[in-house]
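Peer 1: With the sequence up front, the predicted model follows.
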Amino acid sequence: MMFADFPGFPLVPDQASDSARKIDNLFLFILLITGIAGLLVAALITVFSIRYRRRSESDFTPRITGAPLLEWFWTLSPLGVFAIMFGWGLYAFRDNYRPPPDAYEVFVVGKQWMWKVQHPNGRREINELHIAVGKPVKVTFVSEDVIHDFAVPAFRSKIDVLPGRYVSTWYSPTRTGRFHLFCDQYCGTSHARMVGTVIVMEPEELDAWLQEKAEGSPALEGRKLFLKFQCISCHSADEHAKAPVLEGLFGRKVALKGGHSTVADFRYLRDSILTPGKEVVEGWEPVMPSFQGQVTEEEMFQLIAFLRSLGAGQTPRRNNADPAPVGAPSSATEKKP
């Protein structure tokens with residue numbers, strides 16, 4: 001269901017995703033109910049103002065003792081309608097934040113004043129997001145500086161992008177085309193220029209586009225960073241390892257000092273790299289230095305992508321005979337993750 005647009009004056013944005021249809025239906029239901037209620041109240045006020053107006057100086061308002069049944073009716077009937085709105089909205093909200101397990105995953109970093117996008121095969125773009133029609137896509141966000149908001153009106157979707165915290169949403173496009181992308185949170189002097197385009201393509205076209213300038217997967221780039229910062233000096237995964245084994249870590253429950261535990265998700269891995277003393281693994285000492293200020297948000301995505309992909313026996317082997325990669329610290333005593 002959609003509004004009818006006037007020529008040259010669209011009343012609503014394009015509807016280009018499954019969530020857009022669900023949100024529009026909920027919006028129209030709320031608009032219909034509140035519109036009817038508003039018109040009814042206006043009509044009753046008009047009728048009562050005329051019917052029960054004071055006609056002379058001798059008119060006095062009679063004593064009103066109340067009508068319990070009427071009061072119960074106008075209390076419970078709106079409550080029932082509001083409960084329907086709440087349940088419908090909760091369903092739409094929950095569905096919008098639970099992507100299918102096979103969703104195509106994209107990472108986005110917001111910064112003043114641009115959106116930096118990275119695809120699973122390493123293809124990067126700025127202020128554009130290429131996705132496939134009919135295919136679910138999960139988008140994970142983080143901000144490099146201040147609060148931004150990634151909004152796509154045609155998908156009826158907007159999400160605050162926060163510094164230091166990973167957030168995600170997902171889309172299921174229903175039609176191809178080019179759709180507006182905005183930052184919906186005032187983020188500085190050039191906020192109005194932080195715009196872009198979501199480009200929905202046929203799956204075959206997207207595959208061809210992705211292969212044009214593939215630059216290596218985020219996991220591969222993360223492996224390079226893992227070696228660059230000499231993380232294998234401690235996280236070597238052998239019998240003499242100085243730090244916990246990272247193989248198969250992502251998504252696993254981790255026992256922490258103090259009897260607590262947590263799940264090794266995006267948030268935990270990011271905090272472990274930037275503030276390693278915050279949550280120390282049971283059985284280990286808090287000796288890892290912080291990499292705060294040395295790893296950009298884009299590099300953090302790549303490091304976490306590498307750790308997510310790290311299976312049994314896949315930790316890079318340490319070889320002291322080989323020179324350290326360019327840009328790495330000069331000795332294993334410097335900045336060991």
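Peer 2: Nice, I can see it.

Peer 1: Would you pull up how far the helix or strand hosting residue 225 lies from the middle of the chain?
Peer 2: Using DSSP states H and E, residue 225 sits within helix 218-228. Remark: helix 218-228 is offset 24 Å from the chain centroid, using C-alpha atoms, centre = their mean, to the nearest Å.

Peer 1: Tell me the first helix or strand C-terminal of it.
Peer 2: Moving toward the C-terminus from helix 218-228, the next helix or strand (DSSP H and E) is strand 253-255.

Peer 1: Check which residues of that next one are buried.
Peer 2: residue 254 (16 or more other C-beta atoms under 10 Å). In this view, the C-beta of every residue, glycine as well, is placed from N, C-alpha and C.

Peer 1: Which secondary structure elements does that strand sit against?
Peer 2: Counting by 3 or more C-beta pairs under 8 Å, 6 or more residues apart in numbering; DSSP states H and E, the packing neighbours recorded for strand 253-255 are strand 261-263.

Peer 1: Which helix or strand lies directly C-terminal to the strand it packs on?
Peer 2: helix 266-274.

Peer 1: Where does residue 22 sit: helix, strand or coil?
Peer 2: At residue 22 the chain is in helix, as set by DSSP: H, G, I helix; E, B strand; the rest coil.

Peer 1: how close does the closest residue to it other than its chain neighbours sit to residue 26?
Peer 2: Once flanking residues are discounted, residue 22 sits nearest to residue 92: 5.0 Å by C-beta to C-beta, 6 or more residues apart in numbering. As for residue 92, its distance to residue 26 is 6 Å (criterion: C-beta to C-beta, to the nearest Å).

Peer 1: ok, now residue 102?
Peer 2: Distance of residue 102 to residue 26, computed by C-beta to C-beta: 27 Å.

Peer 1: residues of stretch 51-65 that come out buried?
Peer 2: For stretch 51-65, it's none, nothing buried (16+ other C-beta under 10 Å).

Peer 1: What of stretch 253-262?
Peer 2: Those would be residue 254, for stretch 253-262 by 16+ other C-beta under 10 Å.

Peer 1: what's in contact with it?
Peer 2: With contacts defined as C-beta atoms under 8 Å, 6 or more residues apart in numbering, stretch 253-262 is touched by 263-264, 268, 279-282.

Peer 1: Give me the three-state assignment for the residue lying farthest from the centre of the chain.
Peer 2: Residue farthest from the centre of the chain, counting by C-alpha atoms, centre = their mean, is residue 58 at 66.6 Å. Classification of residue 58 using three-state DSSP returns coil.

Peer 1: Who are the contact partners of it?
Peer 2: Residues counted as contacts of residue 58 (C-beta under 8 Å, 6+ apart): none.

Peer 1: per-residue confidence at it?
Peer 2: Looking at residue 58, its pLDDT stands at 78.

Peer 1: Same check on residue 143?
Peer 2: For residue 143, the pLDDT comes out at 93.

Peer 1: Residue 314 now?
Peer 2: If you check residue 314, the pLDDT there is 82.

Peer 1: Same question for the one 10 residues further on.
Peer 2: At residue 324, the predicted lDDT confidence score is 43.

Peer 1: Sketch out the low-pLDDT regions of the stretch 101-250 of the chain for me.
Peer 2: Counting by pLDDT under 70, the stretch 101-250 of the chain shows low-confidence ranges at 213-215, 239.

Peer 1: again, only this time at 90
Peer 2: Flagging of the stretch 101-250 of the chain using pLDDT under 90 yields the residue ranges 101-102, 120-124, 164-165, 210-250.

Peer 1: Where do the helices of it begin and end?
Peer 2: Ranges of helices in the stretch 101-250 of the chain, per DSSP state H, counting those that start in this stretch, are 203-212, 218-228.

Peer 1: Break the chain into its domains for me.
Peer 2: Each domain of the chain is listed here as a residue range: 10-46+68-216, 218-309, per automatic domain parsing.

Peer 1: Look at residue 207 and say how many residues are nearby.
Peer 2: Other residues near residue 207 number 12, with proximity taken as other C-beta atoms under 10 Å.

Peer 1: Same question for residue 31.
Peer 2: Residue 31 is flanked by 11 other residues according to other C-beta under 10 Å.

Peer 1: roughly how far out does the host helix or strand of residue 43 sit from the chain middle?
Peer 2: Using DSSP H and E, the element containing residue 43 is helix 18-51. Mean-position distance between helix 18-51 and its chain equals 32 Å (C-alpha atoms, centre = their mean).

Peer 1: What pLDDT is listed against residue 336?
Peer 2: Residue-level confidence at residue 336 comes out at 37, pLDDT.

Peer 1: And residue 281, by the same measure?
Peer 2: 89.

Peer 1: Give me the neighbour count for the nearest residue to it once chain neighbours are set aside.
Peer 2: Leaving out its chain neighbours, the residue that sits closest to residue 281 by C-beta to C-beta, 6+ apart is residue 244, at 5.1 Å. Counted with other C-beta under 10 Å, the burial measure for residue 244 works out to 18 neighbours.

Peer 1: wait, residue 92 sits on residue 29?
Peer 2: No - between residue 92 and residue 29 there is no contact, the gap being 11.1 Å when judged by C-beta atoms under 8 Å.

Peer 1: which ones are touching residue 164?
Peer 2: 142-143, 270.
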